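Asks: here is a sequence together with a model predicted from it:
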Amino acid sequence: MNKVIKTLANALAVSAALAIAGTAGAQTSSGNTHSHSHSHDAKGSVYDGYFDDDQVKARLLSDWEGDWQSVYPYLLDGTLDPVMAEKARHGDKSAEEYRTYYNIGYKTDVGRILINGKKVTFFRGTDSVSGDYETDGHEILTYKKGNRGVRFVFRKTAGDEAAPQFIQFSDHIIAPEKAGHYHLYWGNDSAALLNEVTNWPTYYPSNLNGKQIAEEMLAH
């Protein structure tokens, strides 16, 4: 009887040891998976503004080619209210406070931008001005909360006098890739534009309706 008990005890001990080993293996595997997922999540980290300088690569104006619309009207008419509500659920402001914040950020009278080749056309209602733009490098900015952003700068080489001398794109992307949306800064003093961090007119493809834009925002 004692021999049977001893054998059973030994079997249980072996079983327990195997279970512990299995758990350790699972933890090691999970650790590796976690590390691996970080490499896959690198784009997400970049999107949030965390990257190394050597990850930043030159981009061409073709990354932003297309017909774009301002999201500002959708904020004003309430279409983006679900986005503000979602931000309030996860952030440190109320939905109304977020609406006020984005009202400053999105505000613009340029309702549409058309980018075709080197030409960028700015539409204010039925009036428009356009210019040809060439790359003028990029600038890396560090924000108060520690994350960073990249402004891709383009300089006007020809076109209407009223078209801005400089435009700067910021779209959470830091290397060549087609933009899905972007924030745009424009003016005649490139250095001064780099200090603008409260007003960032934002543009999405013109073929999207307001509801689709809200869904895109909620996806991020």
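Replies: The structure has been received and is ready for your questions.
Asks: excluding chain neighbours, give the residue nearest to residue 128 in space.
Replies: In this structure, residue 128 finds its nearest non-sequential neighbour in residue 121, 5.3 Å apart by CB to CB, 6 or more residues apart in numbering. All C-beta atoms are positioned from the backbone trio N, CA, C, and that covers glycine.
Asks: mind listing what the one you found touches?
Replies: Listed by CB atoms under 8 Å, 6 or more residues apart in numbering, the contact set of residue 121 reads 113-115, 128-130.
Asks: give me the beta-bridge partners of it?
Replies: Beta bridges link residue 121 to residue 114, residue 130 when assigned by DSSP bridges.
Asks: name the SS class of the residue nearest the centre of the chain, please.
Replies: Centroid check for the chain by CA atoms, centre = their mean gives residue 172 as the closest residue, at 3.6 Å. Classification of residue 172 into helix, strand or coil gives coil, according to DSSP: H, G, I helix; E, B strand; the rest coil.
Asks: tell me the spacing between it and residue 212.
Replies: 19 Å (CB to CB, to the nearest Å).
Asks: swap in residue 136?
Replies: Using CB to CB, residue 136 is found at 33 Å from residue 212.
Asks: got the buried residues for stretch 194-204?
Replies: Neighbour counts using 16 or more other CB atoms under 10 Å place 200-204 of stretch 194-204 among the buried residues.
Asks: my bad, should have said stretch 212-220
Replies: For stretch 212-220, a neighbour-count test (16+ other CB under 10 Å) marks 213-214, 216-217 as buried.
Asks: residues in contact with it?
Replies: Identification of contacts with stretch 212-220 by CB under 8 Å, 6+ apart yields 47, 71, 74, 79-80, 82-83, 86, 180-181, 204, 208.
Asks: just the terminal-to-terminal distance for stretch 49-61.
Replies: Stretch 49-61 has an end-to-end distance of 21 Å (CA to CA, to the nearest Å).
Asks: report the buried residues of that stretch.
Replies: In terms of neighbour count (16+ other CB under 10 Å), stretch 49-61 has its buried residues at 49, 51, 56, 59, 61.
Asks: restricted to strands, list these.
Replies: Assignment to strands by DSSP state E places none of the buried residues of stretch 49-61 there.
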